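[1] Model the structure of this input:
(2 chains)
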There are 2 protein chains.
Amino acid sequence: MLGKDGQGRPQQLAIAAIGGKCDDRPGNRMHHFGGSGMADFNIGFVIFPGITQLDFTGPFEVLSRLSTPPSLTAPSRFPHVKTHVIAKNLEPVASDRGLSFLPGQSFETCPALDLICVPGGAGVVDALDDAETVDFIGHQGRQAQYATSVCVGAFLLGAAGLLRGRRATTHWAYTDLLPLVGATHEKARTVRDGNIITSGGVTAGIDFAFTIIAELAGGDVARAIQLGIEYDPAPPFDGGHPDKASEAAKALMLQRNGAAHGGMRAALEALALR
Amino acid sequence: MLGKDGQGRPQQLAIAAIGGKCDDRPGNRMHHFGGSGMADFNIGFVIFPGITQLDFTGPFEVLSRLSTPPSLTAPSRFPHVKTHVIAKNLEPVASDRGLSFLPGQSFETCPALDLICVPGGAGVVDALDDAETVDFIGHQGRQAQYATSVCVGAFLLGAAGLLRGRRATTHWAYTDLLPLVGATHEKARTVRDGNIITSGGVTAGIDFAFTIIAELAGGDVARAIQLGIEYDPAPPFDGGHPDKASEAAKALMLQRNGAAHGGMRAALEALALR
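    Numbering: from 1, shown residues only, chains lettered A, B, ... in the order given. As a prediction, this is how the structure comes out:
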């Protein structure tokens, strides 16, 4: 699907138009918040300077479609999903490759989230040092139904104390740092431990998002969204995992991640969370 | 890799710092443009209101890494790549799901592109009616080394006259419209005909981008980037192609794409390009 509902209206407008209709079945928590209408499920992505944008934009594309019904005749389980892009303030946020986003919510205006997702990128090094960012993630993550991360976003969950005693994963070049936040590395593309879901590097966020859709809304909804965004991957090469990559590719990527790895280690050691 | 070079500087700054170094081997065209430094390969994504953002952000993440060297010892073939986000003007552009981007170039300031990529989304319907957008794509597409599209972005290439007599593809629910721009549908995730490369719906843009990286910089660079962004897809379901999807999922997605499909047909028939 291409972002319009059956009536051809942009989805955001359609949601606003049907804002008075509530789904009050058990398990669907309702949030009412000033000036932003009503949502039956609030999804929030925390962004910060130096994010790797696909960590965030991949799962955003999937999770923002959570309102998709299972079929033409069955109703949506979450007809009033809201997907929020959240930053410290409403200034533009640039990715590590220079792609600039405008946040829709600041830490102050953001409603209580049902699902918080923290992406990665080398910008995590500075974000780890920012008490406001870490506190926001901790506060929201502790009350959310799901606290999740993609790539090295895991270390921001960890800095907020959310990974202590948990199994977790992160980008392959950073898994050795997981013990610094009290977590144990589990080798998988998506790792679930209680209400904490962490995923591997960058593109792992797409697979992780489908897992969440299936859990919340069922496999039929996940498959419908998958068809809508034609997620039938056919990589022309098979080198996306260290177990399959050449030694030369691994050496190159370890070198290019060296500065961020060192910065993350130093920031995490300073937090002394073990 | 996480968007920093070996020295830990954000890549955009690193490019600026080494701006004086040129690669003048045959085949590497040099562009000089006022105030923006020097690039050996200019990549441009055209964005417009109502884009499906993953059409654009997926290949952006891959193609913006074209400067990656093949190994620790071999030099980059394109050390000074620039990746531009281009819109009619510099106002924020919102995707069909409400994600807002800040363009870095307007149609007026954009340098001559070596590769132009046009994403899709229901916003294509309005963009087809916008002569400035179609003219920009036609002008840049005719002089570029590659004119490319993801999803229904193909119809903007087509409206600009670039698909006449070509084999092409687009989102599966829109392939029947390709003859309206003089193109013949070829059933594949990425279709190359001369210097025109079109790809299927949304996530097909990631696979397509790796194909381009391999052609320009070689398979070792493509594999290194693939490892860097851990592109080792493991979808939890296998319904991403109409050949594998249920009839119910297809019916739902055709219905949800109905308005955009009708709008695109009307806009393309008005152009009378056959």
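[2] What are the boundaries of the helices in chain A?
    A:11-17, A:53-63, A:124-128, A:131-143, A:154-159, A:204-217, A:219-228, A:247-256, A:258-271 (DSSP state H).
[3] What is the neighbour count of A:Pro75?
    Look at A:Pro75: counted by other CB atoms under 10 Å in any protein chain shown, it has 9 neighbours. Where C-beta positions appear, they are placed from N, C-alpha and C, glycine not excepted.
[4] So it sits against A:Thr68, correct?
    No: under the criterion of CB atoms under 8 Å, A:Pro75 is not in contact with A:Thr68, lying 11.1 Å apart.
[5] Low-confidence stretches in chain A?
    Residues of chain A meeting the criterion pLDDT under 70: A:1-37, A:274.
[6] which residue is nearest the centroid of it?
    For chain A, the residue sitting closest to the mean C-alpha position, by CA atoms, centre = their mean, is A:Cys117 at 3.1 Å.
[7] what residues are up against that one?
    A:Cys117 makes contacts with A:43-46, A:56, A:59, A:63, A:148-150, A:153, A:205, as judged by CB atoms under 8 Å, 6 or more residues apart in numbering or on different chains.
[8] Up against chain B, what does the stretch 51-200 of chain A have?
    A:52-54, A:57-58, A:60-61, A:64-65, A:68-69, A:71-72, A:83, A:85, A:92, A:95-102, A:104, A:120-122, A:151-152, A:171-172, A:189, A:200 (CB under 8 Å from any CB of the partner chain).
[9] distance of the nearest residue to A:Gly161 once chain neighbours are set aside from chain B?
    Distances taken as CB to CB, 6 or more residues apart in numbering or on different chains place A:Gly138 nearest to A:Gly161, at 6.0 Å, with adjacent residues excluded. For A:Gly138, the distance to chain B equals 23 Å [CB to the nearest CB, to the nearest Å].
[10] Spell out which residues sit in contact with A:Gly138, please.
    For A:Gly138, counting by CB under 8 Å, 6+ apart, the contacting residues are A:160-162.
[11] Neighbour count for these - can I get that in CSV?
    CSV is the format used below for the contacts of A:Gly138 (neighbours: other CB atoms under 10 Å in any protein chain shown):
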residue, neighbour count
A:Ala160, 25
A:Gly161, 16
A:Leu162, 27
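[12] what's the neighbour count on A:Met178?
    Careful, residue A:178 is Leu and not Met. A:Leu178, neighbours per other CB under 10 Å, totals 23.
[13] Excluding covalently adjacent residues, which one is nearest to it?
    A:Leu178's closest residue in space is A:His185 (CB to CB, 6+ apart), at 4.7 Å.
[14] and if you look at A:Leu227?
    B:Ala245 (4.5 Å).
[15] Backbone dihedrals for that neighbour, please?
    In terms of degrees, to the nearest 10, the main-chain angles of B:Ala245 are phi -80, psi 160.
[16] my guess is it meets A:Ala222, correct?
    No: assessed by CB under 8 Å, B:Ala245 is found out of contact with A:Ala222, at 11.7 Å.
[17] quick one: common contacting residues for these two?
    In contact with both B:Ala245 and A:Ala222: B:Gly239, using CB under 8 Å, 6+ apart.
[18] State the distance from the residue in the stretch 51-200 of chain A positioned nearest to chain B to B:Gly258.
    Of all residues in the stretch 51-200 of chain A, A:Asp96 sits closest to chain B, at 2.3 Å by CB to the nearest CB. In this view, A:Asp96 and B:Gly258 are 39 Å apart by CB to CB, to the nearest Å.
[19] more crowded one of those two?
    A:Asp96 (25 against 17).
[20] hang on, isn't the more buried one packed against A:Leu54?
    No: look at A:Asp96 against A:Leu54 with CB under 8 Å: they stay out of range, at 10.4 Å.
[21] just to revisit the earlier point, buried subset of the contacts of A:Cys117?
    A:43-46, A:56, A:59, A:63, A:148-150, A:153, A:205 (16 or more other CB atoms under 10 Å in any protein chain shown).
[22] mind giving me TSV with these and columns for distance to A:Leu180?
    Shown next, in TSV, are the buried ones among the contacts of A:Cys117 (distance: CB to CB, whole Å):
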residue	distance to A:Leu180
A:Ile43	28
A:Gly44	25
A:Phe45	24
A:Val46	20
A:Phe56	23
A:Pro59	25
A:Leu63	28
A:Thr148	20
A:Ser149	15
A:Val150	19
A:Gly153	15
A:Gly205	22
